[in-house]
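Chemist: Below are the sequence and a predicted model; questions follow.
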Amino acid sequence: MADTTGEGARIRALRLETGIAQADLARQAGISPSYLNLIEHGRRPIGGRVLARLAEALGADAAALSRGAEVALIEDMRRAAGRAGDGDAVAPEIGRVEAMAAAYPGWSALIAAQADRIATLERGIATLGDRLSHDPLLSASVHDVLSTVTAIQSTSAILAEDAALPADWQARFHRNLHEDSLRLANSARRLASYLDAGTGPEHDVQTPQDEMEAWLTHRAFHVADLETGASAPEDLAGTLPDGPDRAVLLQHLRDYARDAAQLPLDALRDALQRTGAPDPFRVAVVADVPVPLAMRRLASAPEDVVGTPLGLAVCDGAGALTLRRPLTGFEIPRFGAGCPLWPLFEALWSPRPVACALIQPGRATRPVQAFAAAERTQPRDPSEPVVLRATMLIVPAEAGANATDSPRPVGQSCRLCPREGCPARREPSILPDAQG
């Protein structure tokens with residue numbers, strides 16, 4: 001029977017560090033050198049008495065020798081190994097990760113740190129590429145610069161090619177050229193300032209939806225004044241200047257207040273105690289409220305109430321994301337559409353709510369349980385179309401919310417997804433290791 005705990009590797013590493021010969025250590029522990037050799041190489045288990053004698057001989061704590069390496073470090077190393085071994089490269093021995101971490105904790109930590117750094121850089125590059133493709137302000141700025149350059153080029157060509165142009169027309173074209181050059185300089189300065197502004201949250205606000213999500217993120221999506229009735233939605237939205245930003249936030253706060261009135265925080269807390277997990281389907285049954293409302297209330301509740309961080313995504317009938325609350329380990333794109341394999345979009349046409357486990361590619365991702373449901377609003381005028389909206393709650397798999405065994409592989413968006421052969425892909429990925 002093989003040792004899979006890494007004890008042998010720790011014994012060997014400590015023996016070599018202290019300079020004790022294998023035969024001498026075996027004699028002090030009362031075992032044969034051949035048996036100690038098998039133990040050190042993980043080919044034999046080790047009993048408690050032998051472990052205690054070895055620890056005494058090595059001047060170490062028996063508990064320290066038997067304790068496995070940090071679980072997080074092992075998982076980080078496994079994720080790092082998961083991206084290696086392709087092509088002609090030698091595949092890492094994943095079965096020896098525990099022993100590696102035990103024998104060389106420093107090198108193991110370095111491998112894990114480098115893997116995390118690579119993952120961070122990959123996400124940064126992919127996000128920047130997605131931003132270049134979908135950022136509306138960046139696109140408008142570049143379009144303005146290119147349009148002005150084209151106008152200057154056309155005016156210059158007329159002046160250069162037509163020597164017989166009347167003086168008044170020449171003066172007019174020269175004036176246009178001067179005005180276009182000033183406009184180009186201003187556009188270029190604005191574009192440079194925008195690109196130099198940074199990438200932090202304080203620089204990410206671009207649209208009314210961005211303003212609303214930044215306002216909510218600052219409060220962890222929980223608006224205590226609306227829970228207690230201390231403030232009205234109009235008072236809270238009044239902190240923003242009058243305009244589209246305030247209008248979008250005000251509509252969200254009014255919806256929030258209606259949800260809180262139907263399912264107060266105390267009632268939600270009681271429902272969670274009865275269900276034992278942040279499962280919106282069971283919470284909806286216990287609290288007698290619609291499933292989408294239960295999802296929104298769970299996502300807006302404080303973490304000490306639900307017991308775990310939660311993510312949320314809402315889309316309209318066209319599939320456009322109207323609200324995003326990302327969850328660490330499950331990314332939601334800020335620009336462009338989400339992955340068409342999400343149950344969020346399946347709920348738009350499904351006659352009943354949808355639940356399934358999901359996993360995104362990447363080292364920093366983790367399995368999640370997703371719950372999705374759609375709600376239909378019939379306008380007062382029967383001749384008007386029905387308004388459709390879908391909501392998806394994202395719960396960490398370890399929270400135990402009706403978790404399933406086999407997660408569905410999904411992405412963030414097509415442009416940021418390396419998965420090969422996806423039948424739902426609508427555009428090529430910008431990631432270097434994606435094949436289609």
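Modeler: Arrived safely, thanks for sending. Numbers count the residues shown, from 1 in each chain.
Chemist: all helices for the stretch 101-250 of the chain, in order.
Modeler: All helices of the stretch 101-250 of the chain, identified by DSSP state H, counting those that start in this stretch, fall at 105-134, 136-161, 167-196, 208-218, 224-228, 233-237, 244-262.
Chemist: Kindly reformat those helices as TSV containing distance to C356, mean neighbour count and mean pLDDT.
Modeler: Where C-beta positions appear, they are placed from N, C-alpha and C, glycine not excepted. Formatted as TSV, the helices of the stretch 101-250 of the chain follow (distance: least, CB to CB, whole Å; neighbours: other CB atoms under 10 Å; pLDDT from 0 to 100):
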stretch	distance to C356	mean neighbour count	mean pLDDT
helix 105-134	24	15	75
helix 136-161	32	14	83
helix 167-196	40	13	83
helix 208-218	26	18	87
helix 224-228	31	15	90
helix 233-237	34	17	89
helix 244-262	25	17	91
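Chemist: Is V289 in contact with Q262, as I believe?
Modeler: Yes: with contacts defined as CB atoms under 8 Å, V289 counts as touching Q262 at a distance of 5.7 Å.
Chemist: Disregarding flanking residues, what is the spatial nearest neighbour of V305?
Modeler: Distances taken as CB to CB, 6 or more residues apart in numbering place R269 nearest to V305, at 5.5 Å, with adjacent residues excluded.
Chemist: is it true that the one you found lies in a helix?
Modeler: Yes: the assignment for R269 is a helix, going by DSSP: H, G, I helix; E, B strand; the rest coil.
Chemist: V283 versus that one, what's the distance?
Modeler: 11 Å (CB to CB, to the nearest Å).
Chemist: So if I had to pick from these two, which one is more boxed in?
Modeler: Using other CB atoms under 10 Å, the more surrounded residue of R269 and V283 is V283, with 28 against 14.
Chemist: so which helix or strand takes in the more buried one?
Modeler: V283 belongs to helix 280-287 when elements are defined using DSSP states H and E.
Chemist: Can I get whichever helix or strand comes after that helix in PDB, CA atoms only?
Modeler: Downstream of helix 280-287, the next assigned helix or strand under DSSP H and E is helix 291-300. Output of helix 291-300 as PDB, limited to C-alpha atoms (Å, rounded to 0.1, in the frame of the first residue of the first chain):
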ATOM      1  CA  VAL A 291     -37.900  32.700  -7.700                       C
ATOM      2  CA  PRO A 292     -36.400  35.800  -9.400                       C
ATOM      3  CA  LEU A 293     -37.300  37.900  -6.400                       C
ATOM      4  CA  ALA A 294     -35.600  35.400  -4.100                       C
ATOM      5  CA  MET A 295     -32.500  35.500  -6.200                       C
ATOM      6  CA  ARG A 296     -32.300  39.300  -6.100                       C
ATOM      7  CA  ARG A 297     -32.900  39.300  -2.300                       C
ATOM      8  CA  LEU A 298     -30.200  36.700  -1.700                       C
ATOM      9  CA  ALA A 299     -27.700  38.700  -3.900                       C
ATOM     10  CA  SER A 300     -28.400  41.900  -2.000                       C
END
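Chemist: With just CA atoms, put the helix or strand following helix 291-300 into PDB.
Modeler: With elements assigned by DSSP H and E, the helix or strand that comes after helix 291-300 is helix 303-306. C-alpha atoms of helix 303-306 as PDB (Å, rounded to 0.1, in the frame of the first residue of the first chain):
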ATOM      1  CA  GLU A 303     -22.700  38.100   3.600                       C
ATOM      2  CA  ASP A 304     -23.300  37.400   7.300                       C
ATOM      3  CA  VAL A 305     -26.900  36.600   6.400                       C
ATOM      4  CA  VAL A 306     -26.400  34.300   3.500                       C
END
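Chemist: Buried residues of whatever helix or strand comes next after helix 303-306, list them for me.
Modeler: Per DSSP H and E, the first helix or strand lying C-terminal to helix 303-306 is strand 311-316. Residues G311, L312, A313, V314, C315 are the ones in strand 311-316 that count as buried (16 or more other CB atoms under 10 Å).
Chemist: Go through those residues and name the one nearest I359.
Modeler: The shortest approach to I359 among the buried residues of strand 311-316 belongs to G311, at 13.9 Å (CB to CB).
Chemist: still on that earlier bit, average pLDDT across the helix holding V283?
Modeler: Averaged across helix 280-287, pLDDT comes to 94.
Chemist: Show me what that helix packs onto, helices and strands only.
Modeler: Where contact means 3 or more CB pairs under 8 Å, 6 or more residues apart in numbering; DSSP states H and E, helix 280-287 is packed against helix 265-275, helix 291-300, strand 368-377.
Chemist: How far off centre is it?
Modeler: 26 Å (CA atoms, centre = their mean, to the nearest Å).
Chemist: repeat for stretch 251-259
Modeler: 26 Å.
Chemist: Contacts made by that stretch with the rest, please.
Modeler: Stretch 251-259 is contacted from outside by 212, 216, 223, 226, 232-233, 236-237, 293, 296-297, 300, 323, using CB atoms under 8 Å, 6 or more residues apart in numbering.
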